[in-house]
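Chemist: could you look at this predicted model? Sequence included:
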Amino acid sequence: MMDARVRDRIEEEGYETIEPLPAEQRPPLKRGFFTMSPLNQRRWQSFKANKRGVWSLWLFMILFVVSLFAEFIANDKPLLISYDGDFLFPIFVAYPETRFGGEFPSEADYHDPYVVELIEAKGWLIWPPIPYAYDTVVHGRPAPAP
């Protein structure tokens, strides 16, 4: 483990050396899953003393969890379609317009009145609370958008 010259010099000086235990003889560290070091415990206590920081942390966590479900809150596709006895989930699967009796084999435009009429003839739709995505084009507005 030690170089011979270093060991000889240590013995000449009169120092004693302690050899470390092999890895299998060392006692395991007693740390739990969420055990923090004393320094981090002090940092956490200091953070908890700042009420504005704690409120901001909670607000940020709530907004983060809500943002995980953003596709279910604002989307230009229905969440659920019942058509001809089948339940369809266009938010997960792209269905062609021909699936609903339309003419085009491309993905259905669920805001098209013709497609909505085809679906409602044999079923129903459930829309998200905000039925538009970030790139949805809204046709037929009475005035131009700002």
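Modeler: Right, received. Where do you want to start? Numbers count the residues shown, from 1 in each chain.

Chemist: quick one, what contacts the closest residue to residue 98 other than its chain neighbours?
Modeler: Closest residue to residue 98 apart from its sequence neighbours, by C-beta to C-beta, 6 or more residues apart in numbering: residue 105 at 5.4 Å. C-beta coordinates here come from the backbone N, C-alpha and C atoms, glycine included. Residues near residue 105 by C-beta atoms under 8 Å, 6 or more residues apart in numbering: 96, 97, 98.

Chemist: was I right to think residue 102 contacts residue 109?
Modeler: No - using C-beta atoms under 8 Å, residue 102 makes no contact with residue 109, being 9.5 Å away.

Chemist: now do the shared contacts for the two.
Modeler: residue 115.

Chemist: where along this structure do the strands fall?
Modeler: For the chain, applying DSSP state E gives strands covering 80-83, 86-88, 123-126.

Chemist: so who does residue 83 touch?
Modeler: 99, 100, 119, 122, 123.

Chemist: what do you get if the cut-off is 6 Å, keeping everything else the same?
Modeler: The contact partners of residue 83, taken as C-beta atoms under 6 Å, 6 or more residues apart in numbering, are 119, 122, 123.

Chemist: ok, now residue 15?
Modeler: Neighbours of residue 15 in contact, by C-beta under 6 Å, 6+ apart: none.

Chemist: so for it, what's the pLDDT?
Modeler: Residue 15 carries a pLDDT value of 76.

Chemist: and if you look at residue 135?
Modeler: So residue 135 comes in at 87 (pLDDT).

Chemist: how about residue 101?
Modeler: Listed pLDDT for residue 101 reads 91.

Chemist: what sits against it?
Modeler: Neighbours of residue 101 in contact, by C-beta under 6 Å, 6+ apart: residue 118.

Chemist: gap between it and residue 115?
Modeler: Residue 101 is 9 Å from residue 115, where distance means C-beta to C-beta, to the nearest Å.

Chemist: what's the answer for residue 73, then?
Modeler: For residue 73, the distance to residue 115 equals 22 Å [C-beta to C-beta].

Chemist: quick one, which of the two is more surrounded?
Modeler: residue 115 (18 against 11; other C-beta atoms under 10 Å).
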